[in-house]
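[1] Pasting the sequence and the predicted model now:
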Amino acid sequence: DAKTTQPNSMESNEEEPVHLPCNHSTISGTDYIHWYRQLPSQGPEYVIHGLTSNVNNRMASLAIAEDRKSSTLILHRATLRDAAVYYCILRGSSSNTGKLIFGQGTTLQVKP
Amino acid sequence: DAGVIQSPRHEVTEMGQEVTLRCKPISGHNSLFWYRQTMMRGLELLIYFNNNVPIDDSGMPEDRFSAKMPNASFSTLKIQPSEPRDSAVYFCASSLILLAGGEQFFGPGTRLTVL
């Protein structure tokens, strides 16, 4: 499985946008980019995923570089509830089993 | 929908005892995953099932661990005998696999402490 690299931690102020980067230089053409987050004392939850085009949903936006070697998760207005560990994961489509390999993720701290 | 249900939520046992963790996936999902999370190793995939069949158990740490899925609505993860290093939070997740877009839904986890 291709590997992702994320900063260990980031800080943000409440109600400001947050850009969480992820590098995946060895991504293959069929790998999807998935983001999950884990709030304190909870199980991970799905945030967003994409293949080539930028994606938006009610939680966040995903900006994917043209060469697909990096991506950015964008939280448009951070709230205190967004403080969590954010995981960037590559998932291949060659085997449709849904296997996810979690790295260490980025711990996001949101300050009031 | 109640989401993925795990029981018990907390388990404290003594070394050498058998431990059974239970999971009820979301109705209609065809894949089920067991994960373990510790501070040292993070979130690790132990085993997953597609249509009740174990597909990959390469993450199961050793023979003391076993998992079953007798039907589409129930799975167990058993540790026998348990050891203190098995102390962790165990998560179950389910998904409806459609190519590579099926998101996984996680349960609240079982916090296991082995004394």
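    Sure, I can see it. Numbering: from 1, shown residues only, chains lettered A, B, ... in the order given.
[2] if you skip the residues just before and after it, what's nearest to B:L112?
    B:E11 (5.0 Å; Cβ to Cβ, 6 or more residues apart in numbering or on different chains). All C-beta spots, glycine's among them, are computed from the backbone N, C-alpha and C.
[3] Could you report the neighbour count for the one you found?
    Look at B:E11: counted by other Cβ atoms under 10 Å in any protein chain shown, it has 19 neighbours.
[4] quick one: low-confidence ranges for chain B?
    B:1, B:98-101 (pLDDT under 70).
[5] Residue nearest the middle of it, spatially speaking?
    The residue lying closest to the centre of chain B (Cα atoms, centre = their mean) is B:W34, at 3.0 Å.
[6] what residues does chain A put near chain B?
    Contact residues, chain A versus chain B (Cβ under 8 Å from any Cβ of the partner chain): A:30, A:32, A:34, A:36, A:38, A:42-46, A:49, A:87, A:91-93, A:96-105.
[7] In PyMOL, select just the buried ones from those residues.
    Selection command for PyMOL covering only the buried members of those, criterion 16 or more other Cβ atoms under 10 Å in any protein chain shown:
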select buried, chain A and resi 32+34+36+38+43+44+46+49+87+91+92+96+97+98+99+100+101+102+103+105
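[8] for chain A, what are the nearby residues on chain B?
    Counting by Cβ under 8 Å from any Cβ, chain B sits next to chain A at B:4, B:31, B:33, B:35, B:42-45, B:48, B:50, B:55-56, B:91, B:93, B:95, B:97-109.
[9] Keep only those of those that are in helices.
    Under the assignment DSSP state H, the residues of chain B next to chain A contribute nothing to helices.
[10] Cross the residues you listed against strands and list the overlap.
    B:31, B:33, B:35, B:42-45, B:48, B:50, B:55-56, B:91, B:93, B:95, B:105-106 (DSSP state E).
[11] Am I right that B:Q104 is in contact with A:H49?
    No - counting by Cβ atoms under 8 Å, B:Q104 stays clear of A:H49, with 10.9 Å between them.
[12] what do the two both touch?
    Contact criterion Cβ atoms under 8 Å, 6 or more residues apart in numbering or on different chains; residues shared by B:Q104 and A:H49: none found.
[13] dump the residue contacts of the residue in chain A positioned nearest to chain B.
    When scored by Cβ to the nearest Cβ, chain A has A:G43 as its residue closest to chain B, at 3.2 Å. For A:G43, the contacting residues are B:4, B:91, B:93, B:106-109, by Cβ under 8 Å, 6+ apart.
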